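Chemist: Below is the sequence, then the predicted model.
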Amino acid sequence: MMSEHMLLLFLGGSVILSLIIARGASSLKTPLIVGYIVAGAIVGPAVFNIITKEQVDSLNIINLIVLSLIGFGIGGELQISEIKKLGKQIIMIVLLEALGAFILVSVASSILLKNVPLGIIFGALASATAPAGTVEVIKQYKAKGSLTTTLYAVMAFDDILALILYSISFPVAMIFMDSASSVDVSIGTALLHAGKDLGLAILIGGVVGYILTFVFRYVRSKLNILQISLAVILINCGLSELLDISPIMLNMVMGIVLVNREKLIASKVFTTLGEWSPPMYIWFFVLIGAHLNLKLIHDYWLFIVVYIVARSFGKWGGTFLGATITKAEKKIRNYLGLALFSQAGVAVGLALAAAKVLHAKGDHELAEYLLSSITATTFIVMLIGPIFAKIALLKSGEAKHIETKRK
């Protein structure tokens with residue numbers, strides 16, 4: 001645990017350091033969050049060790065809150081009328097970009113590690129896309145347009161498919177590893193469990209969102225809107241932890257219900273939260289940077305390179321193919337895949353779950369390799385992912401005017 005004085009020093013000092021380094025990143029025309037992640041690496045164990053790994057882990061509640069805010073924000077961008085216009089296009093793109101990453105990483109990992117079951121697990125983890133970095137870049141460059149709308153929708157459904165892929169692939173991999181294992185690896189059981197978690201998240205998020213539409217009709221004060229919104233999101237965080245369901249999914253459904261029932265009210269809610277939440281996002285990305293472990297990158301450098309290249313080609317190639325099949329706009333076809341490289345929350349969460357099962361099975365070495373590799377690749381991808389997202393938004397013309405103002 002982090003002492004009170006250390007916690008306060010970290011919270012205040014990390015914001016100031018992040019803003020200073022982010023200013024340099026901005027001068028280099030790099031997304032601000034890259035500066036935040038670098039600041040985390042500087043204060044973390046990898047460089048000056050101002051905060052230890054144990055202290056970093058003790059601040060996971062910040063990750064939980066920010067992931068909930070991100071889920072709520074994505075839901076607020078998903079107006080059913082707009083999604084209907086995209087329809088089959090979204091489904092096809094999500095299917096192919098997730099499967100593309102899954103297949104390429106599974107094959108590449110299996111060949112490199114000479115371990116097919118472990119390769120399958122890495123493939124399932126690679127299918128997930130982290131919305132945090134991409135959403136922050138969209139906000140920074142105030143991107144708007146068909147590519148941005150499609151990007152929000154793809155990110156929303158991507159994690160659902162990633163959970164399904166993992167629920168199917170992990171039990172299969174366990175069966176291949178040891179058919180006599182005492183660990184319950186029934187595919188049917190795993191799917192039933194995943195379906196229950198997804199159903200609970202949708203049910204709770206839908207009900208809470210529906211209630212909020214009535215509550216906010218009688219709330220006019222900006223301060224009260226902020227207090228109620230934040231209180232409900234924190235309650236949702238607690239429920240997601242208690243019931244072991246996705247905080248992103250729960251809050252995303254709440255946001256979807258709110259924006260589709262009361263668009264004007266939803267606009268006030270998201271604007272108010274947007275004015276309050278920036279420090280939380282800074283701490284979130286600083287903590288990602290603080291997880292940097294140079295020894296892991298040195299030890300697993302070949303696998304890390306293969307994993308990142310295979311995953312990136314899978315994401316981009318699957319997106320390009322899906323957009324081509326559905327005759328999407330040229331800018332969606334060419335650039336959407338570049339904005340889907342980020343990897344964080346869901347992938348790390350699933351890696352932790354997989355490692356727990358492997359430890360229970362006695363495969364401690366595989367568990368550590370799996371978790372260490374995903375941690376290292378996540379750090380690197382979170383550095384390069386936002387840069388590619390920025391390139392996609394600028395090349396598509398949906399953020400060009402922001403870049404112009406900076407010159």
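Modeler: Okay, I see it.

Chemist: helices or strands up against the helix or strand containing Gly195?
Modeler: Element membership for Gly195 (DSSP states H and E) is helix 187-215. The contact analysis (3 or more Cβ pairs under 8 Å, 6 or more residues apart in numbering; DSSP states H and E) places helix 187-215 against helix 146-177, helix 222-243, helix 247-261. The way it works is simple: take the backbone N, C-alpha and C, and place the C-beta from them, glycine included.

Chemist: Can you point out the buried residues in that helix?
Modeler: 190, 194, 197-198, 200-202, 204-205, 208-209, 212-213 (16 or more other Cβ atoms under 10 Å).

Chemist: Now distance to Asn236 too, for those residues, in JSON lines please.
Modeler: Listed next are the buried residues of helix 187-215 as JSON lines, based on distance: Cβ to Cβ, whole Å:
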{"residue": "Ala190", "distance to Asn236": "25"}
{"residue": "Ala194", "distance to Asn236": "20"}
{"residue": "Asp197", "distance to Asn236": "14"}
{"residue": "Leu198", "distance to Asn236": "15"}
{"residue": "Leu200", "distance to Asn236": "12"}
{"residue": "Ala201", "distance to Asn236": "9"}
{"residue": "Ile202", "distance to Asn236": "13"}
{"residue": "Ile204", "distance to Asn236": "7"}
{"residue": "Gly205", "distance to Asn236": "7"}
{"residue": "Val208", "distance to Asn236": "7"}
{"residue": "Gly209", "distance to Asn236": "10"}
{"residue": "Leu212", "distance to Asn236": "11"}
{"residue": "Thr213", "distance to Asn236": "16"}
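
Chemist: thinking again about what came up before, and of the helices and strands packed on helix 187-215, who's closest to Ser3?
Modeler: Among those, the nearest to Ser3 by Cβ to Cβ is helix 222-243 (23.8 Å).

Chemist: What helices and strands are in contact with that closest one?
Modeler: Where contact means 3+ Cβ pairs under 8 Å, 6+ apart, helix 222-243 is packed against helix 60-76, helix 187-215, helix 247-261, helix 263-276.

Chemist: returning to that earlier point: off-centre distance for the helix holding Gly195?
Modeler: Helix 187-215 has its C-alpha centroid displaced from the chain centroid by 19 Å (Cα atoms, centre = their mean, to the nearest Å).

Chemist: Of all residues in the protein, which one is nearest the centre?
Modeler: In the chain, the residue lying closest to the centroid (Cα atoms, centre = their mean) is Ala130, at 2.1 Å.

Chemist: do you know how far that residue is from Gly44?
Modeler: 19 Å (Cβ to Cβ, to the nearest Å).

Chemist: now do Ile175
Modeler: Distance from Ile175 to Gly44, by Cβ to Cβ: 38 Å.

Chemist: neighbour-wise, which of these two wins?
Modeler: A direct count of neighbours by other Cβ atoms under 10 Å for Ile175 and Gly44 places Gly44 higher, at 24 against 15.

Chemist: residues contacting that one?
Modeler: Ile50, Ile51, Lys53, Val56, Gly289, Ala290, His291, Leu292 (Cβ atoms under 8 Å, 6 or more residues apart in numbering).

Chemist: The third one reaches Pro45, doesn't it?
Modeler: Yes: in this structure Lys53 lies within contact range of Pro45 using Cβ atoms under 8 Å: 5.3 Å.

Chemist: Give me the more crowded residue out of the two.
Modeler: More neighbours surround Pro45 than the other of Lys53 and Pro45, with 20 against 14 (other Cβ under 10 Å).

Chemist: quick one: contacts for the more buried one?
Modeler: Ile51, Thr52, Lys53, Val56, Ala290, Leu292, Asn293.

Chemist: Neighbour-wise, give me the winner out of those residues.
Modeler: Among the contacts of Pro45, Ala290 has the most neighbours (other Cβ under 10 Å), with 29 neighbours.

Chemist: ok, now how distant is the nearest residue to that one once chain neighbours are set aside from Thr213?
Modeler: Spatial nearest neighbour of Ala290, excluding adjacent residues (Cβ to Cβ, 6 or more residues apart in numbering): Gly44 at 3.3 Å. Computed as Cβ to Cβ, the Gly44 to Thr213 distance reads 42 Å.

Chemist: can the helices and strands packed on helix 222-243 go into CSV with extra columns for mean pLDDT?
Modeler: What follows is these, written out as CSV (pLDDT from 0 to 100):
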stretch, mean pLDDT
helix 60-76, 82
helix 187-215, 83
helix 247-261, 89
helix 263-276, 88
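
Chemist: Would you tell me which of those gets closest to Arg333?
Modeler: Using Cβ to Cβ, those put helix 60-76 closest to Arg333, at 22.4 Å.

Chemist: Check which helices and strands that closest one is in contact with.
Modeler: helix 131-140, helix 146-177, helix 222-243, helix 247-261, helix 263-276, helix 278-290.

Chemist: what are the ranges of the helices in the stretch 1-150 of the chain?
Modeler: Taking DSSP state H, counting those that start in this stretch, the helices of the stretch 1-150 of the chain run over residues 4-27, 32-43, 53-57, 60-76, 80-86, 88-113, 116-126, 131-140, 146-177.

Chemist: in the longest one, what counts as buried?
Modeler: What that stands for is helix 146-177. Buried, per 16+ other Cβ under 10 Å, within helix 146-177: 146-174, 177.

Chemist: hang on, Ile121 packs against Ile168?
Modeler: No: Ile121 is beyond contact range of Ile168, at 11.6 Å (criterion: Cβ under 8 Å).

Chemist: Got the phi and psi for Val47?
Modeler: phi -120, psi -90 (degrees, to the nearest 10).

Chemist: Need the pLDDT of it.
Modeler: With respect to pLDDT, Val47 scores 82.

Chemist: Contacts only, for it.
Modeler: For Val47, the contact set (Cβ under 8 Å, 6+ apart) comprises Ala41.

Chemist: And it, how far from Phe102?
Modeler: Remark: distance between Val47 and Phe102 (Cβ to Cβ) = 34 Å.

Chemist: Figure out which of the helices and strands packed on helix 222-243 is closest to Gly87.
Modeler: Using Cβ to Cβ, the helices and strands packed on helix 222-243 put helix 247-261 closest to Gly87, at 16.0 Å.
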